[in-house]
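Undergrad: All I have is the shape, not the residue letters:
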């Protein structure tokens, strides 16, 4: 597609509920990233995929967070047993080239509110 | 470690005023530096970048110069417009780990007509 698409745009979850957030990267982009952006803060790295391989998951805050990209295109970020501190905007980004030189293309994000 | 520090906002300016948003960084390696902009309800968009010392990134009238001696990458624009109202993020990518970007906390710019 023309850009990185994320769905849903907004998600309200009750505490303890499981949620799944979807990311469709730009077609052909082999690298995919998830970031978490708390209110009033900059994005913080969660995890990175190259094709279907999850090469870095050091930013996932707990074992309740799980990401997958089984066919090297669409990715899903799953949060189990959501807590209030999980409330944030979850950003997906993709890149086809050297990130250090060209940066990422970001989606509009999914705003998760845990009540 | 790697980190980025930005001036706190919000910054409120009148149209056609001069803009400076300060950004300083610490890095373990030799980073590439970026400015991203986030308009309301939208994702982050790359505004400009610089990959080595003394490089000047520029786009849409915005400029920033990579200053290794002061570890800074300040964003400037000579004459802001109402349409520039957004949140601006400074970021770095360490060449030792291309897979992570480190972002500042963002600076909100409000431009009044």
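TA: All right, it came through fine. On a predicted model such as this, the values are computed, not experimentally measured, just so you know. Residues are numbered from 1 along each chain as shown, chains lettered A, B, ... in the order given.
Undergrad: which bits of chain B sit near chain A?
TA: Contacts of chain B with chain A, taken as C-beta under 8 Å from any C-beta of the partner chain, map to B:4, B:31-32, B:34, B:36, B:41-46, B:49, B:51, B:89, B:91, B:93-95, B:98-106. For every residue, glycine as well, the C-beta is placed using N, CA and C.
Undergrad: what do you get if the cut-off is 7 Å, keeping everything else the same?
TA: With C-beta under 7 Å from any C-beta of the partner chain as the criterion, chain B meets chain A at residues B:32, B:34, B:42-44, B:46, B:49, B:51, B:89, B:93, B:95, B:98-101, B:103-106.
Undergrad: Would you pull up the residue in chain B closest to chain A?
TA: Residue nearest to chain A within chain B: residue B:103 (3.3 Å; C-beta to the nearest C-beta).
Undergrad: okay, that residue: pLDDT?
TA: Looking at residue B:103, its pLDDT reads 95.
Undergrad: State the distance from it to residue A:35.
TA: Look at residue B:103 and residue A:35: by C-beta to C-beta, to the nearest Å, they are 8 Å apart.
Undergrad: Common neighbours of these two, please.
TA: residue A:43 (C-beta atoms under 7 Å, 6 or more residues apart in numbering or on different chains).
Undergrad: Show me the strands in chain A, by range?
TA: Along chain A, the stretches classed as strands by DSSP state E are A:5-7, A:10-13, A:19-24, A:31-37, A:44-50, A:53-56, A:65-68, A:75-79, A:88-95, A:105-106, A:110-114.
Undergrad: what would those strands look like in JSON lines with distance to chain B?
TA: Output for the strands of chain A, formatted as JSON lines (distance: least, C-beta to the nearest C-beta, whole Å):
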{"stretch": "strand A:5-7", "distance to chain B": "8"}
{"stretch": "strand A:10-13", "distance to chain B": "11"}
{"stretch": "strand A:19-24", "distance to chain B": "11"}
{"stretch": "strand A:31-37", "distance to chain B": "7"}
{"stretch": "strand A:44-50", "distance to chain B": "5"}
{"stretch": "strand A:53-56", "distance to chain B": "5"}
{"stretch": "strand A:65-68", "distance to chain B": "14"}
{"stretch": "strand A:75-79", "distance to chain B": "15"}
{"stretch": "strand A:88-95", "distance to chain B": "7"}
{"stretch": "strand A:105-106", "distance to chain B": "4"}
{"stretch": "strand A:110-114", "distance to chain B": "10"}
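Undergrad: So which of the ones you listed is nearest residue B:25?
TA: Proximity to residue B:25 (C-beta to C-beta) singles out strand A:44-50 among the strands of chain A, at 15.8 Å.
Undergrad: How far does the closest one sit from its chain's centre?
TA: 8 Å (C-alpha atoms, centre = their mean, to the nearest Å).
Undergrad: next one: stretch A:104-115
TA: The chain centroid and the centroid of stretch A:104-115 are separated by 8 Å under C-alpha atoms, centre = their mean.
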